[in-house]
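J.: The following comprises the amino acid sequence and a computationally predicted model.
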Amino acid sequence: MANVLLTAVDFSEVTQRVLTETIEMARALKCSVTLIHVVQYMPETTLYEGEMILPDLPMQEMLEENSEKLLKEAQLRITNAGIDCEICLRDGSPAYEIMEWIKENSPRMTIIGSHGHGALYHLVLGSVSEKIVDKAKCSVLVVKDDSI
């Protein structure tokens, strides 16, 4: 296993707590950090009232540019704490892309936030953090949103 912590961020309310836990764990374990964010694919086509609508490519590009900016800001917070940090921006399904990174790089631990959306949300959409906990071959620290 590599001596790196993988931290998945989605820039929600829980992200700052995730970064705080990442800094503490990286110091305790003497690890570097890779921050990963996954921009979800927009569907290639969408049916709306019987008509096919093409994806808004400028919107997808804007999401990617904004995500890269936010990743760099999070990276700066970690490097300012004296910890080596790389960033990884991917497109696709968050759970799938995070698991692929884990398979490719074998981190020592993965840190991810949880929103606590509730039972109906999990029944319909599932939870990225639950999927990572279930499938990852490394330890996973789930940081809960303390506002719930």
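T.: That came through fine.
J.: Extract the residue ranges of the chain that are flagged as low pLDDT.
T.: Within the chain, the stretches with pLDDT under 70 are 1, 41-57, 115-126, 147-148.
J.: if we look at the longest helix along it, which residues are touching it?
T.: Ranked by number of residues, the top helix in the chain under DSSP state H is helix 57-80. Residues outside helix 57-80 that contact it (Cβ atoms under 8 Å, 6 or more residues apart in numbering): 9, 11, 15, 19, 22-23, 26, 33, 35, 37, 39, 42, 85-87, 89, 91. C-beta coordinates here come from the backbone N, C-alpha and C atoms, glycine included.
J.: again with stretch 132-148
T.: 1, 6, 8, 12-14, 17-18, 21, 25, 95, 98-99, 102-103, 106-116, 129.
J.: So which of these are in helices?
T.: Short answer: the contacts of stretch 132-148 in helices (DSSP H) are R17, V18, E21, M25, A95, I98, M99, I102, K103, S129.
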